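> requesting a structural model of the entry that follows:
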Amino acid sequence: MTGLGAATAPENVRALAGEVSVRALETEAARSVPRDLVRKIGATGAFHLFVPSSLGGRSVDPMTGCAIVEELSRADGSTGWTSMILNTTFFTCWLEPDVARAMLQTDPVLGMAGLFSPVGKTEPVGSDGAVRVTGRYPFNSGSPHATWFCEGAMVSADGGQPEWRFLFLPSADVEILDTWRVAGLRGTASHDVAIHGAVVPREYTANPVFEKAKHDEPHFRWSFFALLASLISGFPLGVARRSLDEFVALAEKRGRGAGEPLASEQVVQLEVARCEGQLRAARSSLFESLSSAWDTAVAGDNIDRSQRVAIRLAGSNAMRTAIDVVDTMFRLAGGKAIYDDSPLQRCWRDLHAGSSHIFFSNNHLSHIGRILMGQPADDWLM
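Residues are numbered from 1 along each chain as shown. Next up is the predicted model:
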């Protein structure tokens, strides 16, 4: 694969962070990250983080992947979220390598969008396992920038019991519906998409949750959801970090009325210290759990249940901690924070919108609790 720039690392992406931040209002107004900015980010390889080098990807470790999403989310929540979702290019690793390679060469800079919940309807076409899919799928973040879509459906092979499959379709087979008018993450273009009877060959379907990937790499000695967690958990860390940095800069210059700067108030000092400590602890917990699991996978072993639980728990804690941080910074900033040009209000809106993702739901957290207390629980969610 050609077209990718220098090796992807947080510092390479950081070079774009200033432009990402400056153009955040443009991103919000367009309800999508500008096309040229997406291509600049994509040229670093930032949408192919977990794709193996054999398929032209970056194959970075999960800690680096998390840090890259964190860095982009610090610059702008919508851009960070969009970049994280476009990394679902790694779902192609459950397809035969030749099929995946051809897909990824469609446009090596851009990524993949979709919703893997099985909401589509399918019917068999011919005798080779192909299906015709029809349906409407919400929450396709980054949809204008996706060269392929990955959408879920129940598929019945040879008249047997229906099974959950991810269906991979080129963007030409997908109609993007202009539905994304929301309070937070406004710039993610997370539109509904409609599929009108597109035919998907069997070799363009997979189930990464229950099937083994077609590559023997450390990433795929993790579970599907643990690997996904390493990307999505970078989002709350980045947004919360931005809110803290913005407030500290504001507090040094502004006070209440004609009074002393906010930074001189003890209650402000205490809250900043508390939030800084909690955010650092949440980040350390996440990266410790990722690093431990990565060491296991590099050694040639599958990560175990306790490691998967630790990753999911740390990801959930990162979001809950981040919510506390942005709520506190937004409250302390007072009326100045409510204006559109304040990154603090954008951090507040974006993080609360992101927290509604099913990955951070109480259902998933309670599932972790059941495991921690020795109660019966399905492993596949981990």
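> please report the distance of residue 327 from residue 276.
15 Å (C-beta to C-beta, to the nearest Å). Heads up, the C-betas are built off the backbone N, CA and C, glycines and all.
> quick one, strands of the stretch 101-250 of the chain?
Per DSSP state E, counting those that start in this stretch, the stretch 101-250 of the chain carries strands over the ranges 111-125, 130-140, 146-155, 163-170, 175-177, 191-200, 205-206.
> let me have those in TSV, adding distance to residue 19, mean pLDDT and mean neighbour count as columns.
Formatted as TSV, these follow (distance: least, C-beta to C-beta, whole Å; pLDDT from 0 to 100; neighbours: other C-beta atoms under 10 Å):
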stretch	distance to residue 19	mean pLDDT	mean neighbour count
strand 111-125	19	95	20
strand 130-140	25	97	19
strand 146-155	22	97	23
strand 163-170	30	97	20
strand 175-177	25	98	16
strand 191-200	24	98	18
strand 205-206	36	97	24
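> now these in CSV, with distance to residue 283?
Output for the strands of the stretch 101-250 of the chain, formatted as CSV (distance: least, C-beta to C-beta, whole Å):
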stretch, distance to residue 283
strand 111-125, 25
strand 130-140, 27
strand 146-155, 29
strand 163-170, 31
strand 175-177, 35
strand 191-200, 32
strand 205-206, 33
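> how about these, which one is nearest residue 288?
Closest to residue 288 of the strands of the stretch 101-250 of the chain, according to C-beta to C-beta: strand 111-125, at 28.4 Å.
> which one of the strands of the stretch 101-250 of the chain lies closest to residue 308?
strand 111-125 (18.5 Å).
> what's that closest one packed up against?
Contacts defined by 3 or more C-beta pairs under 8 Å, 6 or more residues apart in numbering; DSSP states H and E place strand 111-125 against helix 77-86, strand 130-140, strand 146-155, strand 163-170.
> out of those, flag the one nearest residue 232.
Short answer: helix 77-86, nearest of these by C-beta to C-beta, at 5.9 Å.
> and that closest one, how far from the chain's centre?
Averaging C-alpha positions (C-alpha atoms, centre = their mean, to the nearest Å) puts helix 77-86 6 Å from its chain's average.
> what residues of the helix or strand harbouring residue 331 count as buried?
Residue 331 is part of helix 305-333, with elements assigned from DSSP states H and E. By neighbour count with 16 or more other C-beta atoms under 10 Å, helix 305-333 contains the buried residues 307-326, 328-330, 332-333.
> tilt between it and helix 77-86?
160 degrees (axes from the mean of the first three to the mean of the last three C-alpha atoms, to 10 degrees).
> how far off centre is helix 305-333?
Worked out by C-alpha atoms, centre = their mean, helix 305-333 lies 15 Å from the chain centre.
> just name whatever secondary elements the helix or strand following it is in contact with.
Past helix 305-333, further along toward the C-terminus, the next helix or strand under DSSP H and E is helix 343-354. Here helix 343-354 touches helix 24-30, helix 77-86, helix 234-251, helix 305-333, going by 3+ C-beta pairs under 8 Å, 6+ apart.
> helix or strand right after helix 343-354?
Past helix 343-354, the next helix or strand by DSSP H and E is helix 362-372.
> for that following helix, give the mean pLDDT please.
The predicted model gives helix 362-372 an average pLDDT of 93.
> could you tell me the angle between the lengthiest helix in the chain and helix 305-333?
The longest helix of the chain (DSSP state H) is helix 266-298. Put simply, helix 266-298 runs at 160 degrees to helix 305-333, going by the same axes, to 10 degrees.
> buried stuff in helix 266-298?
Counting neighbours by 16+ other C-beta under 10 Å, helix 266-298 gives 268, 271-272, 275, 278-279, 282-283, 285-287, 289-290, 293-294, 296-297 as buried.
> same question, stretch 44-55
44, 45, 46, 47, 48, 49, 50, 51, 52, 55.
> can you give me how far that stretch is from the chain middle?
So, by C-alpha atoms, centre = their mean, the centroid of stretch 44-55 is 15 Å from its chain's centroid.
> cool, stretch 197-215 as well?
Per C-alpha atoms, centre = their mean, the centroid offset for stretch 197-215 relative to its chain is 21 Å.
> residue 164 versus the residue of the chain positioned farthest from its centre, what's the distance?
Relative to the C-alpha centroid of the chain, counting by C-alpha atoms, centre = their mean, residue 258 is the outermost residue, at 42.7 Å. From residue 258 across to residue 164, the span is 62 Å (C-beta to C-beta).
> also residue 15?
To residue 164, residue 15 is 40 Å away according to C-beta to C-beta.
> so residue 378, which of the three states?
coil (DSSP: H, G, I helix; E, B strand; the rest coil).
> who touches it in this structure?
Residue 378 makes contacts with residue 367, as judged by C-beta atoms under 8 Å, 6 or more residues apart in numbering.
> so for it, what's the pLDDT?
If you check residue 378, the pLDDT there is 87.
> adjust the sequence numbering to begin at 473 for everything that follows.
That works, and once the first residue is 473, the last one we named lands at residue 850.
> next, it: phi, psi?
Phi and psi for residue 850, reported as degrees, to the nearest 10, are phi -70, psi 140.
> check residue 673 too.
phi -60, psi 150.
> need the contact list for it.
Going by C-beta under 8 Å, 6+ apart, the list of residues near residue 673 reads 600, 601, 602.
> picking up where we left off before, out of the helices and strands packed on helix 815-826, which gets nearest to residue 628?
helix 549-558 (28.8 Å).
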